[in-house]
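Q: Below are the sequence and a predicted model; questions follow.
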Amino acid sequence: MREDILNHIDNPKQLEKLYRDNKLAFKSAFNLLYPELTDRKLADYWDARLNYENLGIYWGSKNELTFVIIVSLIAGVIAKIPVLFNINKEFFYQRNLGFIIFPILTAYFIWRKSLSINKTVIAGVTFLIAVIFINLLPADNKSDTLILSCIHLPILLWAVLGFAYIGDNIKNSQNRLDFLRYNGDLIIMTGLLGIAGGILSGITIGLFSVIGFKIEDFYFQYIGIFGVAALPIVATYIIQTNPQLVNKVSPVIAKIFSPLVLIMLVVYLAAILFAGKNPYKDRNFLMVFNGLLVGVMAIILFSVAETSKKNEYRTGSFILFGLSVVTAIVNGIALSAILFRISEWGITPNRLAILGVNILMLTNLLIVTFKLFKNVSKKADISEVENSISMFLPIYILWIIIVIFIFPLINNFK
């Protein structure tokens, strides 16, 4: 490696190739060689690149930190509304869980990105309409449309968050993909903070119990709930101020879990044949089947978002292509099972909602699969796959809006 570096010290392209072929060997050889490379601007550049020392965690400005603390406390207060105003907890959390998280995150990005007044008003009015509508729906736990609205509402609130995150250039497909990446990073950082918070809570409760104080109820009611409510905003703040903390973790997780999920799906499809489960007759199995489908679809979306950051990772494209093919098969089975149940027992709000989202996912999957096939065949860039994902996001949101607001009206809130 040492001789290769010396022979190509004035060739930036060849040095980059040597570095990518074996990063550790390149860095070791270069550091030994660098004292001899005096008055070489390119060598100075590589020294700065290879031996840059991170200055540590940046905690943002005082105003940023103050803003995050305030909105975190607001999130905790929202979570405590049932206690503060003597509201039925089941009624409140079933309908309003998303309002603890998404308005706060949206407010953060509106503030951070200095969103225009018009877009701020649009986001605020959407939240206002949503919170009024969902809380005015009749209190009937057996109502299919109420349950559907409660399930789909957080997705609409998530879309408003995306609207604030993307900012002024909402039609830019790259910005939409960046939002998906942010969601992947948010899940990772929130999980890490949650684990750390859980350990701290366990130690705190344990230490107080040793000296005779039982603080479990007080701790979880007045400290734990504020901590849980604050997790997403604190995680977002860390991601935005220190992107280096997670931008290397997400691609690794995507690379690890994509092949594992592919193997799991193939084995699962084979196991279905031996288990004798029938999604055409077994309603609970069909629900699990659809839940699996949504989860795998999300993994494909996030994996494409991460893989696209490094086009040289062609193995990732092959794995994603295989995963999308298998997922399309699963989707086809689920869709045919839903159509069978509709033909046998008629249309219900639940069946219609699931039918719509399955048709959308299958259409999106087929487009993504085709684009991935072109990518692995070297006939198209990964950017085409990105576009096929980002262009479908508004279509999903339109269907979500129909399920939340239109279904209850056309079905008389039943």
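A: Looks like it arrived, so ask away. Residues are numbered from 1 along each chain as shown.
Q: where does the chain dip in pLDDT?
A: Counting by pLDDT under 70, the chain shows low-confidence ranges at 21-22, 24, 38-39, 52-57, 247-248, 305-315, 380.
Q: Residue nearest the middle of it, spatially speaking?
A: The residue at the geometric middle of the chain, judged as the C-alpha nearest the mean C-alpha position with Cα atoms, centre = their mean, is residue 183 (3.2 Å).
Q: residues in contact with residue 292?
A: Residue 292 sits next to 268, 330 when contact means Cβ atoms under 8 Å, 6 or more residues apart in numbering. (C-beta placed from N, C-alpha, C; glycine too.)
Q: And the longest helix seen in the chain, what's buried?
A: Ranked by residue count, the top helix of the chain under DSSP state H comes out as helix 173-210. Burial within helix 173-210, assessed by neighbour count using 16 or more other Cβ atoms under 10 Å, is assigned to 175-190, 192-193, 197, 201, 205.
Q: roughly how far apart are the residue nearest to the centre of the chain and residue 363?
A: Distance check for residue 183 against residue 363: by Cβ to Cβ, to the nearest Å, it reads 22 Å.
Q: again, but for residue 37
A: With distances taken as Cβ to Cβ, residue 37 is found 56 Å from residue 363.
Q: Same question for residue 16.
A: For residue 16, the distance to residue 363 (Cβ to Cβ) stands at 40 Å.
Q: Residue 47 too?
A: When Cβ to Cβ is applied, the distance between residue 47 and residue 363 equals 51 Å.
Q: next one: residue 165
A: Relative to residue 363, residue 165 is positioned 25 Å away (Cβ to Cβ).
Q: And the two? Which one has more around it.
A: Under the criterion of other Cβ atoms under 10 Å, the comparison of residue 165 against residue 363 puts residue 165 first, with 23 against 13.
Q: I figured that one was touching residue 109, is that so?
A: Yes: the pair residue 165 and residue 109 passes the contact test of Cβ atoms under 8 Å, sitting 5.0 Å apart.
Q: excluding its backbone neighbours, what's nearest residue 326?
A: residue 265 (4.8 Å; Cβ to Cβ, 6 or more residues apart in numbering).
Q: who's in contact with the one you found?
A: The neighbours of residue 265, taking Cβ under 8 Å, 6+ apart as the test, are 296, 323, 326-327, 330.
Q: Can you list the buried residues in the host helix or strand of it?
A: Under the assignment given by DSSP states H and E, the secondary-structure element containing residue 265 is helix 249-275. Using 16+ other Cβ under 10 Å as the test for burial, helix 249-275 gives 250-251, 253-255, 258-259, 261-262, 265, 272.
Q: Could you check how far residue 171 is from residue 387?
A: Residue 171 is 12 Å from residue 387, where distance means Cβ to Cβ.
Q: Also residue 82?
A: Applying Cβ to Cβ, the value for residue 82 to residue 387 is 44 Å.
Q: Next: residue 42.
A: Applying Cβ to Cβ, one obtains 36 Å for the distance of residue 42 from residue 387.
Q: May I see the buried residues of helix 249-275 organised as a markdown table, with distance to residue 6 added?
A: Shown next, in a markdown table, are the buried residues of helix 249-275 (distance: Cβ to Cβ, whole Å):
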| residue | distance to residue 6 |
| --- | --- |
| 250 | 37 |
| 251 | 32 |
| 253 | 38 |
| 254 | 37 |
| 255 | 34 |
| 258 | 40 |
| 259 | 39 |
| 261 | 45 |
| 262 | 44 |
| 265 | 49 |
| 272 | 60 |
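Q: out of these, which one sits closest to residue 122?
A: Proximity of these to residue 122 (Cβ to Cβ) peaks at residue 250, which lies at 29.6 Å.
Q: Pull the contacting residues for the closest one.
A: Applying Cβ under 8 Å, 6+ apart, the residues contacting residue 250 are 181, 184-185, 188, 302, 306.
Q: Pull the number of nearby residues for residue 46.
A: Residue 46 has 24 neighbouring residues, counting by other Cβ under 10 Å.
Q: so what's the closest residue to it other than its chain neighbours up against?
A: Using Cβ to Cβ, 6+ apart and skipping residues adjacent in sequence, the residue nearest residue 46 is residue 30, 6.1 Å away. By Cβ under 8 Å, 6+ apart, the contact list for residue 30 reads 5, 46-47, 50.
Q: Secondary structure element holding residue 30?
A: Going by DSSP H and E, residue 30 is part of helix 23-33.
Q: Run the chain-centre distance for that helix.
A: Taking Cα atoms, centre = their mean, to the nearest Å, one finds the center of helix 23-33 at 37 Å from the center of the full chain.
Q: for residue 353, what are its contacts?
A: 148, 152, 403, 407.
Q: tell me the contacts of the second one?
A: If I follow you right, that is residue 152. Contact analysis of residue 152 by Cβ under 8 Å, 6+ apart lists 353, 400, 403-404.
Q: OK, contacts around the spatially closest residue to residue 184 that is not a sequence neighbour?
A: The spatially closest residue to residue 184, leaving aside those adjacent along the chain, is residue 302, at 4.5 Å (Cβ to Cβ, 6+ apart). Contacts for residue 302 (Cβ under 8 Å, 6+ apart) come out as 180-181, 183-184, 250, 254.
Q: got it, and residue 2?
A: With contact set as Cβ under 8 Å, 6+ apart, residue 2 has these partners: 29, 32-33.
Q: Filter these down to the buried ones, ChimeraX style.
A: Here is the ChimeraX command that picks out the buried ones among the contacts of residue 2, judged by 16+ other Cβ under 10 Å:
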select :29,33
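Q: SS state for the closest residue to residue 116 other than its chain neighbours?
A: The shortest distance from residue 116 to any non-neighbouring residue, by Cβ to Cβ, 6+ apart, is to residue 168 (6.7 Å). Using DSSP: H, G, I helix; E, B strand; the rest coil, the three-state assignment for residue 168 comes out as coil.
Q: Distance of residue 168 relative to residue 395?
A: As for residue 168, its distance to residue 395 is 22 Å (criterion: Cβ to Cβ).
Q: you'd agree residue 18 is up against residue 3?
A: No: Residue 18 lies out of contact with residue 3 (Cβ under 8 Å); the separation is 10.8 Å.
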